[in-house]
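1. Here is my input; please provide its structure:
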Amino acid sequence: MAFPGRSNDRAAEARARLLDLIQTLETGERIPAERELALRWGVARMTLRKAIDRLVLDGLLERRNRLGTYTSRPRVPRHLSISSFTEEMTRRGIRPPAAGPSACVA
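-> Residues are numbered from 1 along each chain as shown. You can find the predicted model right below:
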């Protein structure tokens, strides 16, 4: 008999343990192999992989092909905004050209 919530509980527990592990490591340091962590923590490898995938998406871990999984610097959220050409040029310290009928050359 399957327990629907149990898999998510295990994944959340694995994620919490991974977060604790990440905090003990330096940026760019390799975490132990999935197999090793799964055995150490008594979780299924697929459950652990799911937790690692989530942390990769969050930017806390980085997978390197054939090398392993490494800690990474957390991504800094960028606040994107849309501004007009005139506002952008003014922000950069450039005087925007006049925008009138005399500015258009046919």
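2. With Thr27 as the reference, measure out to Ile52.
-> Counting by CB to CB, to the nearest Å, the gap from Ile52 to Thr27 is 17 Å. Bear in mind the C-beta positions are built from the backbone N, C-alpha and C, glycine included.
3. neighbour count winner among the two?
-> Regarding Ile52 and Thr27, a neighbour count based on other CB atoms under 10 Å identifies Ile52 as having more, with 20 against 11.
4. Show me where this structure has its strands.
-> Defined through DSSP state E, the strands belonging to the chain, from first to last, are 61-64, 68-71.
5. now the last one: how far from the chain's centre is it?
-> Strand 68-71 has its C-alpha centroid displaced from the chain centroid by 13 Å (CA atoms, centre = their mean, to the nearest Å).
6. again with the first one
-> Between the centre of strand 61-64 and the centre of its chain there are 10 Å (CA atoms, centre = their mean).
7. what are the pairing partners of it, and which direction each?
-> Partner strands and pairing direction for strand 61-64 (DSSP bridges) are strand 68-71 (antiparallel).
8. Please identify the buried residues of the partner strand?
-> Within strand 68-71, the residues that count as buried by 16 or more other CB atoms under 10 Å are 69, 71.
9. Go ahead and name everything in contact with it.
-> The set of residues that contact strand 68-71 without belonging to it, under CB atoms under 8 Å, 6 or more residues apart in numbering, is 22, 25-31, 33-34, 52, 56, 60-64.
10. swap in stretch 41-56?
-> 7, 10-15, 17-19, 22, 34-35, 37-38, 61-63, 69.
11. So how do I select the buried members of those in PyMOL?
-> Those of these that count as buried under 16+ other CB under 10 Å are selected in PyMOL with:
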select buried, resi 10+11+14+15+17+18+22+34+37+38+61+62+69
